[in-house]
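# Turn this into a model:
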Amino acid sequence: MCQSCTPGQHCAEPGLSSPSGPCSPGYYCIQGSHTPTPQYYNNTDGESGAHTVEDVYFQIHFIGDVCPAGHYCPIGSARPEPCPPGSFMGQSGGVSETECHPCTPGFYCPDWGQSSAELRCPEGSFCPAGSVTGHQPDRQCPSGHSCPYGSVKPAICSPGTYQPLPSQPSCQPCPPGFYCLEGCTTPLPCPPGTASMIEGLQSQLDCSPCPPGFYCNTSALISPSGLCSAGHFCSSGATESAPVSQMYGDICPAGYYCPEQSSAPLPCPVGYILQDKGATSSNDCSPCPPSRYCIAPGSSQPSGFCAPGHYCIGGADTAAPQATLSQQTCFCDLISSSHLQKYDLCLLKHNITCSVHIPGRIPDMVLNHVYGNR
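Numbering: from 1, shown residues only. Just a heads-up that it's a prediction; the model follows:
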């Protein structure tokens, strides 16, 4: 009794007692094949009928075909062998599993016999070449990284961003008052002496110093803690309201005064002194004492004694004070006409000092109204 040719073999002639040989590589032969390279004729081009008697036979009796895409067929194959999960093969006629390509990076191939890689890696995961699934536990995006849709590998968070959670598609901007180094999982607070309202700081050097006239006494501030105290001054980066002998501020020095929110000491004007530290107002500045003069602003002691031939009654800003034109005019107005022989001349010429008149007739009480004169 005649039997169908053995699967994986072909029987090319009638009257055979054994198969003619194995099916050719890249093909598969099911039971009853008479050729080592069977090809199923499929009329898909709109033509009617088969081309040959052999085509008609194949249409009636399917005996095998070329190895389909996503599969491979070694010599003597009775059926196609599918490429395993994590791989694919785009062409037909494969002869070995080595022709199955690893799944494309950024994709995953979960099925047997895939002819293409079509599934992109999901958000929060990464898929290197040959991935079988998009949700492998050891391929979840770690904290400090981001894995957007179709990631091949985790992307480390860039400086100025952070990500505290695993399996996330993106990194978050570093919040104000903090800075974030590369791969940051927890923002780092800007130190005391700084206040930063801007997000996305990349290092501690980006933290803004506390502005002059203010102090910042805690970390992670977005605005100053308060105003510098009166009697002290706070330059940039102060950490306390009343600094003493610090790089960022000090108690107000002698000769100067410091109102609240001072960024630098303000000098007492010329003609004044201030001997004590910690002054808070210009009202604390005192006129230069009598017989002395104070020529420099910000003086804590008089500059020296009044020059010979001059006198200084208080508030003098030079060693040789001169009466002003208005003061000279005042002298002429106060002196009685009966005391001067040329009173009319004094009234007409205000630019002439009263000393051109008879000196002995100028009352002392008049001179005391002027801070200094010859």
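# From here on, just use CA atoms for contacts and neighbour counts.
Will do.
# ok, residue 67 - contacts?
26, 27, 28, 73, 80, 92, 93, 94, 95 (CA atoms under 8 Å, 6 or more residues apart in numbering).
# cool, and residue 278?
230, 231, 232, 251, 252, 253, 254, 257, 258.
# Can I take it that it is in a strand?
No: Residue 278 is assigned coil when assessed by DSSP: H, G, I helix; E, B strand; the rest coil, not a strand.
# thinking again about what came up before, so which of the contacts of residue 67 sit within strands?
When DSSP state E is applied, these are split such that 27, 28 fall in strands.
# For the contacts of residue 67, work out which two are farthest apart.
28 and 92 (11.9 Å; CA to CA).
# Between the two, which contacts overlap?
66, 67.
# The two: which is more packed in?
residue 28 (35 against 17; other CA atoms under 10 Å).
# The more buried one and residue 73 touch, don't they?
Yes: counting by CA atoms under 8 Å, residue 73 is a contact partner of residue 28 at 6.3 Å.
# if I look at these two, which residues touch both of them?
67, 79, 80.
# any chance of those in CSV, plus pLDDT?
Listed next are the shared contacts of residue 28 and residue 73 as CSV, based on pLDDT from 0 to 100:
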residue, pLDDT
67, 95
79, 94
80, 95
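# nearest to residue 15, of these?
residue 79 (25.5 Å).
# which residues sit in contact with that closest one?
With CA under 8 Å, 6+ apart, residue 79 has these contacts: 8, 28, 29, 30, 73.
# now residue 235
Contacts of residue 235 (CA under 8 Å, 6+ apart): 211, 212, 213, 214, 248, 249, 263, 264.
# and what of residue 209?
With the criterion set at CA under 8 Å, 6+ apart, residue 209 makes contact with 193, 194, 195, 236, 237.
# Looking at the residues you listed, which one is closest to residue 167?
residue 195 (32.6 Å).
# So that closest one is in contact with residue 218, correct?
No: Residue 195 is beyond contact range of residue 218, at 9.2 Å (criterion: CA under 8 Å).
# Of these two, which one has the most company?
Ranked by neighbour count (other CA under 10 Å), residue 195 and residue 218 place residue 195 first, with 28 against 17.
# Sketch out the low-pLDDT regions of this structure for me.
Applying pLDDT under 70 to the chain picks out residues 41-61, 324-374.
# Outline the domain layout of it.
1-103, 325-373 (automatic domain parsing).
# on that earlier part again, what is the nearest of the contacts of residue 278 to residue 160?
Out of the contacts of residue 278, the member with the shortest distance to residue 160 (by CA to CA) is residue 232, at 36.1 Å.
# Not counting its neighbours along the chain, what's nearest the closest one?
residue 251 (4.3 Å; CA to CA, 6 or more residues apart in numbering).
# cool, and residue 84?
residue 112 (4.9 Å).
# tell me the contacts of that neighbour?
70, 82, 83, 84, 85.
# Would you check how far apart the last one and residue 139 are?
With distances taken as CA to CA, to the nearest Å, residue 85 is found 17 Å from residue 139.
# And for the first one?
Counting by CA to CA, the separation of residue 70 from residue 139 is 26 Å.
# Neighbour count: those two, which is higher?
residue 70 (27 against 18).
# contacting residues for that one?
Residue 70 neighbours (CA under 8 Å, 6+ apart): 82-83, 88-92, 100, 112-116.
# sorry, back to before: and which of the contacts of residue 67 is nearest to residue 16?
The closest of the contacts of residue 67, once distances to residue 16 are taken by CA to CA, is residue 28, at 20.5 Å.
# how many neighbours does residue 118 have?
Neighbours around residue 118, by other CA under 10 Å: 12.
# Could you identify which of the contacts of residue 67 has the most neighbours?
Going by other CA under 10 Å, residue 28 tops the contacts of residue 67 with 35 neighbours.
# distance of that one from residue 65?
6 Å.
# list residues touching both of the two?
37, 38.
# check contacts around residue 110.
By CA under 8 Å, 6+ apart, the neighbours of residue 110 are 85, 86, 131, 132, 133.
# got TSV for the shared contacts of residue 28 and residue 73, with distance to residue 186 too?
Shown next, in TSV, are the shared contacts of residue 28 and residue 73 (distance: CA to CA, whole Å):
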residue	distance to residue 186
67	55
79	57
80	53
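# between those residues, which is nearest residue 17?
residue 79 (23.4 Å).
# now that closest one: how far from residue 87?
From residue 79 to residue 87 the distance is 19 Å (CA to CA).
# same question, residue 142
26 Å.
# These two - which one has more neighbours?
Taking other CA under 10 Å, residue 142 and residue 87 do not tie; residue 87 has more neighbours (29 against 21).
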